[in-house]
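Chemist: Fold the following for me, if possible:
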Amino acid sequence: MTLFANSSKRKPGMPFVLTMVFIDMLCLGIIIPVLPILVGTHTTDPKLQAFWYGALVVSYGLMQFLVAPLLGALSDRFGRRPILLLSIFGLAISNFAIGSVSSLWLLLLARIVAGATAATDTVANSYAADITPPEGRAKAFGQFGIAFGMGFILGPVLGGFLANIDMHLPFYVVGGLALLNGLYGLFMLPESLPANKRSSFSMSRVNPFSAPLVLMRRHGIGSLVVVWAFFQLAFAMVAETWVLYTTFRFDWSASMNGLALCGIGLATAIVQGGLMGVLMKRYGEERTVLIGLFMAIIGYTLYGLVPQGWMMIPVIFVTLIMYATGPALLAIVSKTTKPTEQGAIIGALMSVRMLMVVIGPLIAVAILGLVAEQVGELPRNDMRFGVVFFICAFLQVIGLLLGNRHFSRMRKTSNLREVEQEVNV
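Modeler: Down below sits the predicted model:
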């Protein structure tokens, strides 16, 4: 049952879903430069400011981790449309709340709601899987990269500009955009999952802590869960420590870091939005994953080795194929999953990713903190500054080996089945 029943006759709503992902990323991008200052308006104690900022960041990621499998399972049971609408309206409400609350406790509550409603990657990717044939899913998933990249590019810029006018204005703007998109979806978004392809709801499918085990037991996925987890862990570690690293080693300004982060967003948009179709036609999902992991090894290693700060920028674009790894892995998993389980399985993957988003910064900041204690003693070109990047590169080496072994086993299994079928005939 859905509001405005005629919506089921409309064309698939990828524009709505892509806009929704863009607004999610725009909100995240706005938060980066604005949230620490917003916390500072509630307390002048530096220690309390650091504590509350950390609590707001961790609570947001933790809620996404906890809620992603639930949203996926609910969308398998009730359809994608109601869950997407619930999420986009929840995002609007949480941003209006963040902009208007008068205490840190209420701000924390608003961030918890924002984290829960921002766990929409699960349902958005499931929607794309519903309306796209298996051979086109990697390209469809890659379209989210455009939304991700554009949101990440525009978010920090827009946040800084609007915050100069009023500290609360960025959140009202994002809330307004989310509200408008929600109203559009309410009237125009069709359901992508027919009633005859929906599954029953089970609490055993929504436990985020069991997600990795559930995925690893599934035929056709197995060790790819570890590949996915290590890829996401490395990305989270780098994202959290990039500014600290470039400040310690190259004495970069905020504008220089903003330029570099925009470059990463642009590289993501170029690959996942423009090159995914070419990569799929030429290499297929499996080889694209392996090539992406190999380029990630090179990229992270170079980030840790370059002696001059300006060299970080060309490395972003020389190794941009690494950003094709995620959509290609999602496509492989989606193709091995029944339509009735797309939401739950993709939700489990997103839950693993959000767990890495929570764990990664804790690991990376702790490691870089040890190095930071010696900043005054170490020369700027000391390789120990790049230890986080080297660890990330090592994680990708493990992922590459596991991925290659998994794909080899699957090919052998497929060949054996073909031989058995020929013998039986």
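
Chemist: From now on I want contacts and neighbour counts done on CA atoms only, so please keep to that.
Modeler: Fine.

Chemist: Enumerate the positions of stretch 389-402 that are buried.
Modeler: Buried residues in stretch 389-402, counted by 16 or more other C-alpha atoms under 10 Å: 389-400, 402.

Chemist: ditto for stretch 262-277
Modeler: 262-274, 276-277.

Chemist: same deal with stretch 353-369?
Modeler: If you call a residue buried by 16+ other C-alpha under 10 Å, then stretch 353-369 has these buried ones: 353-361, 363-365, 368.

Chemist: what's the answer for stretch 231-249, then?
Modeler: Going by neighbour count (16+ other C-alpha under 10 Å), the buried part of stretch 231-249 is 231-238, 240-249.

Chemist: could you give me the average pLDDT of that stretch?
Modeler: If you average the pLDDT over stretch 231-249, you get 82.

Chemist: Now do it: distance to the chain's middle.
Modeler: 15 Å (C-alpha atoms, centre = their mean, to the nearest Å).

Chemist: Pop the domain breakdown of this protein in here.
Modeler: 14-192, 220-420 (automatic domain parsing).

Chemist: Out of those domains, indicate the one that is most buried.
Modeler: Mean neighbour count (mean count of other C-alpha atoms under 10 Å) peaks for domain 14-192 among the domains of the chain, with a mean of 21.

Chemist: Could you tell me the end-to-end distance of it?
Modeler: One end of domain 14-192 sits 10 Å from the other (C-alpha to C-alpha, to the nearest Å).

Chemist: Quick one: the helices in the stretch 101-250 of the chain, in order.
Modeler: In the stretch 101-250 of the chain, the helices defined using DSSP state H, counting those that start in this stretch lie at 104-117, 121-131, 137-165, 169-188, 211-216, 224-250.

Chemist: Which one, of those helices, ends up nearest to Phe385?
Modeler: Among those, helix 224-250 comes nearest to Phe385, with 6.8 Å by C-alpha to C-alpha.

Chemist: Following the closest one in sequence, what is the next regular element?
Modeler: Later in the chain than helix 224-250, the nearest helix or strand by DSSP states H and E is helix 254-269.

Chemist: helices and strands around the helix or strand following that following helix, which ones?
Modeler: Moving toward the C-terminus from helix 254-269, the next helix or strand (DSSP H and E) is helix 276-282. Helix 276-282 sits against helix 137-165, with contacts defined as 3 or more C-alpha pairs under 8 Å, 6 or more residues apart in numbering; DSSP states H and E.

Chemist: What helices and strands are in contact with the helix it packs on?
Modeler: Other elements packing on helix 137-165 under the criterion 3+ C-alpha pairs under 8 Å, 6+ apart are helix 14-40, helix 121-131, helix 169-188, helix 254-269, helix 276-282, helix 325-335.

Chemist: I'd like to know which of the buried residues of stretch 353-369 is nearest to Arg287.
Modeler: For the buried residues of stretch 353-369, the nearest to Arg287 is Arg353 (21.7 Å; C-alpha to C-alpha).

Chemist: Now that closest one: closest residue in space, sequence neighbours ignored.
Modeler: Leaving aside its sequence neighbours, Arg353 sits nearest to Gln232 (C-alpha to C-alpha, 6 or more residues apart in numbering; 5.8 Å).

Chemist: can I assume Leu85 is in contact with Leu180?
Modeler: No: at 11.4 Å, Leu85 does not count as touching Leu180 under the criterion of C-alpha atoms under 8 Å.

Chemist: Okay, and Pro82 sits in which element?
Modeler: In this assignment (DSSP H and E), Pro82 forms part of helix 80-100.

Chemist: quick one: contacts of that helix?
Modeler: The contact list for helix 80-100, computed with C-alpha atoms under 8 Å, 6 or more residues apart in numbering, reads 2, 20, 24, 71, 74-75, 107, 110-111, 113-114, 117-120, 123-124, 126-127, 168-172, 174-179, 181-182, 185-186, 189-193.

Chemist: Same check on stretch 347-361?
Modeler: Contact partners of stretch 347-361, identified using C-alpha under 8 Å, 6+ apart, comprise 58, 61-62, 64-73, 121-123, 206, 208, 211-212, 215, 225, 228-229, 232-234, 236-237, 240-241.

Chemist: Now it: average pLDDT?
Modeler: Mean per-residue pLDDT for stretch 347-361: 79.

Chemist: Quick check: which of the domains of the chain is nearest to Ser200?
Modeler: Closest of these to Ser200 is domain 14-192, at 5.6 Å (criterion: C-alpha to C-alpha).

Chemist: Phe152 touches Gly29, doesn't it?
Modeler: Yes: with contact defined as C-alpha under 8 Å, Phe152 reaches Gly29; the gap is 5.1 Å.

Chemist: Return the residues in contact with Gly265.
Modeler: Listed by C-alpha under 8 Å, 6+ apart, the contact partners of Gly265 are 148-150, 152-153.

Chemist: is it possible to export these to a markdown table including distance to Lys197 and pLDDT?
Modeler: A markdown table is the format used below for these (distance: C-alpha to C-alpha, whole Å; pLDDT from 0 to 100):
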| residue | distance to Lys197 | pLDDT |
| --- | --- | --- |
| Phe148 | 29 | 71 |
| Gly149 | 33 | 71 |
| Met150 | 34 | 77 |
| Phe152 | 35 | 70 |
| Ile153 | 38 | 74 |
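
Chemist: Now do the closest residue to Tyr53 other than its chain neighbours against Gly54, distance only.
Modeler: Counting by C-alpha to C-alpha, 6+ apart, Tyr53 lies nearest to Pro36, which is 6.2 Å off, once chain neighbours are set aside. For Pro36, the distance to Gly54 (C-alpha to C-alpha) stands at 9 Å.

Chemist: What does Ala296 show for phi and psi?
Modeler: The phi/psi pair for Ala296 (degrees, to the nearest 10) reads phi -70, psi -40.

Chemist: right, and it touches Thr319 too?
Modeler: Yes: using C-alpha under 8 Å, Ala296 is in contact with Thr319, at 6.8 Å.

Chemist: so how far is Met20 from Ile146?
Modeler: Remark: distance between Ile146 and Met20 (C-alpha to C-alpha) = 12 Å.

Chemist: Tell me which of the buried residues of stretch 389-402 fall in helices.
Modeler: Counted as lying in helices by DSSP state H, out of these, are 389-400, 402.

Chemist: Just name the closest of those residues to Ser408, please.
Modeler: Closest approach to Ser408 among these (C-alpha to C-alpha): Leu402, at 9.9 Å.
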